[in-house]
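> I'll drop the sequence and a predicted model, then ask my questions.
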Amino acid sequence: MESSTTAASREQLMADLKLVVADAEALLKLSADDASDHARDLRARLAERLTDVRHRLADWQAHASEKVKAAGHAADDYVHEHPWQSIVAGAGVGLLVGLLIGRR
């Protein structure tokens, strides 16, 4: 299971990538007036790559969501199968956090 810092970093990365795609689309629209062959070829390649990136981002996001759901179900199953161990583990973590907070 990944840490909350890693999850937050991934969410920030996804948001940043979506902004880059949106900016690239805006740039593509702004350069639509340039009629040279080189500009047309560049716009076509950029549009193709943007479509590919959008699909990959959607796939990556769906895959990440599936992994999080699977981890949640696994944790839920474990807690239902081992309730007392889960209670003891939770109490231990709470005690450690309480001790760390109390030391400050």
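Here it is on my side, so go on. Since the model is a prediction, treat every value here as computed from it, not as a measurement.
> Quick one: the strands in this structure, in order.
With strands called from DSSP state E, the chain shows none.
> Ranking helices and strands of it by mean pLDDT, which lands last?
The helix or strand of the chain with the poorest confidence is helix 4-30; it has a mean of 75 (mean pLDDT, DSSP states H and E).
> Which strands and helices lie in contact with that helix?
Other helices and strands packing on helix 4-30, by 3 or more C-beta pairs under 8 Å, 6 or more residues apart in numbering; DSSP states H and E, are helix 37-81. Just so you know, the C-beta spots here come from the backbone N, C-alpha and C atoms, and that holds for glycine as well.
> sorry, back to before: tell me the angle of the least confident helix or strand of the chain relative to helix 37-81?
Angle, helix 4-30 to helix 37-81, by axes from the mean of the first three to the mean of the last three C-alpha atoms, to 10 degrees: 160 degrees.
> Can you point out the buried residues in helix 4-30?
Neighbour-count burial for helix 4-30 flags 17, 21 (criterion: 16 or more other C-beta atoms under 10 Å).
> Please determine how far the most far-flung residue of the chain relative to its centre is located from residue 42.
Most distant from the centre of the chain: residue 36, at 38.4 Å, with distances by C-alpha atoms, centre = their mean. Taking C-beta to C-beta, to the nearest Å as the measure, residue 36 falls 9 Å from residue 42.
> ok now stretch 36-53, how far from the chain's centre?
Offset of stretch 36-53 from its chain centre (C-alpha atoms, centre = their mean, to the nearest Å): 26 Å.
> Format the CA atom coordinates belonging to that stretch as CSV.
The C-alpha trace of stretch 36-53 is given here as CSV (Å, rounded to 0.1, in the frame of the first residue of the first chain):
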residue,chain,number,x,y,z
SER,A,36,2.9,26.6,-43.7
ASP,A,37,3.4,22.9,-44.3
HIS,A,38,5.8,22.6,-41.4
ALA,A,39,3.3,24.2,-39.0
ARG,A,40,0.5,21.9,-40.3
ASP,A,41,2.7,18.8,-39.8
LEU,A,42,3.7,20.0,-36.4
ARG,A,43,0.0,20.6,-35.4
ALA,A,44,-1.0,17.2,-36.7
ARG,A,45,1.7,15.4,-34.7
LEU,A,46,1.0,17.4,-31.6
ALA,A,47,-2.8,16.7,-31.8
GLU,A,48,-2.0,13.0,-32.2
ARG,A,49,0.3,13.0,-29.2
LEU,A,50,-2.1,14.9,-27.1
THR,A,51,-4.8,12.4,-27.9
ASP,A,52,-2.4,9.6,-26.9
VAL,A,53,-1.4,11.3,-23.7
